[in-house]
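Peer 1: Can you look at this prediction? I've put the sequence above it.
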Amino acid sequence: MSMAEPAGNSAARTSGLLQLLWLASPALPVGGFSYSEGLESAVEAGLVHDEASAASWLLDQLHLSLARSDLAVVAQAIPAWRSHDLARITALNDWVLQTRESAELRQQTEQMGRSLLTWAQSLGELGRGVAEALASARLDPPSYPVAMACAAALSGAQAHDSLTGFAFGWSENMVQAAIKSVPLGQSAGQRMLARLAQAIPEAVAQAQSLTDDSRQAFTPLLAILSAQHETQYSRLFRS
């Protein structure tokens, strides 16, 4: 008996992988590059000042913020989209919007969610499934994690791979924010990205293990820095 994967399955996996790479790309026009998620304020406060402190900050944010909040929402929203459970999708979207700890963080998830919908609509037939699914849910507005989960669910990729792509896309954007705001060189950025990549599997496993009762958005220092960023004198980023 041949051990080769059936051609149909191989093509489906390749298609799903390509769509995940597309969704995780910094080139996706959702505006992720314009946000530092409080990192710019951390630099202003002297909490982040070199490669080591930037890497430590981003690793903490990956595990204490992203994995416990947005990544966990993506993990729970993917099966909800696949089963057309609109009540569950709405509940997850409401949770994201209600747990943003500053005005800037709320604006970020709303803007990026709307931009992902606009991106899907701009693709015509290629984005019809995502655009129609988001429209049918009547999310006003769609938060970014829930909108991204919709696109990931329709890609046909495995949930674990979708979460890995989401986390890596976030990591790339945040490393670029560190390079610009600290500032740092490209080699330092690649070393930080390597450390984040090593930590992503643990963050994904953590996100997949969380329930509604254990999922949380509680990062007081990050919230304070994000609020301070609203009136920071000199800024490169929108958060």
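Peer 2: Looks like it came in fine.

Peer 1: Could you export stretch 170-179 as CSV, keeping only the C-alpha atoms?
Peer 2: Output in CSV follows, covering the C-alpha atoms of stretch 170-179 (Å, rounded to 0.1, in the frame of the first residue of the first chain):
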residue,chain,number,x,y,z
TRP,A,170,1.8,39.4,15.6
SER,A,171,5.4,38.7,16.4
GLU,A,172,6.7,40.1,13.1
ASN,A,173,4.7,43.4,13.6
MET,A,174,5.9,43.8,17.2
VAL,A,175,9.5,43.2,16.3
GLN,A,176,9.3,45.8,13.6
ALA,A,177,7.8,48.2,16.1
ALA,A,178,10.7,47.5,18.5
ILE,A,179,13.2,48.1,15.7
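
Peer 1: List the residues that contact Ser41.
Peer 2: The neighbours of Ser41, taking Cβ atoms under 8 Å, 6 or more residues apart in numbering as the test, are 225-226, 228-229, 232. Bear in mind the C-beta positions are built from the backbone N, C-alpha and C, glycine included.

Peer 1: Pick out the most distant pair among the residues you listed.
Peer 2: Within the contacts of Ser41, Ser226 and Gln232 form the most distant pair, 10.3 Å apart (Cβ to Cβ).

Peer 1: Tell me the secondary structure of Ala217, please.
Peer 2: Under DSSP: H, G, I helix; E, B strand; the rest coil, the three-state class of Ala217 is coil.

Peer 1: Hmm, Leu66 and it touching each other?
Peer 2: No. Ala217 is not in contact with Leu66 according to Cβ atoms under 8 Å; the separation is 10.2 Å.

Peer 1: the more surrounded of the two?
Peer 2: Regarding Ala217 and Leu66, a neighbour count based on other Cβ atoms under 10 Å identifies Leu66 as having more, with 25 against 19.

Peer 1: The more buried one - nearest residue in space that isn't next to it in sequence?
Peer 2: For Leu66, ignoring the flanking residues on the chain, the nearest one in space by Cβ to Cβ, 6 or more residues apart in numbering is Trp170 at 6.1 Å.

Peer 1: do the same with Glu202
Peer 2: Distances taken as Cβ to Cβ, 6+ apart place His63 nearest to Glu202, at 7.5 Å, with adjacent residues excluded.

Peer 1: if I pick the one you found, what's in contact with it?
Peer 2: Contacts of His63 (Cβ under 8 Å, 6+ apart): 199, 202-203, 206.

Peer 1: quick one on the thing from earlier: neighbour count: Ser226 and Gln232, which is higher?
Peer 2: Each of Ser226 and Gln232 has its neighbours counted (other Cβ under 10 Å); Ser226 has more, 26 against 13.
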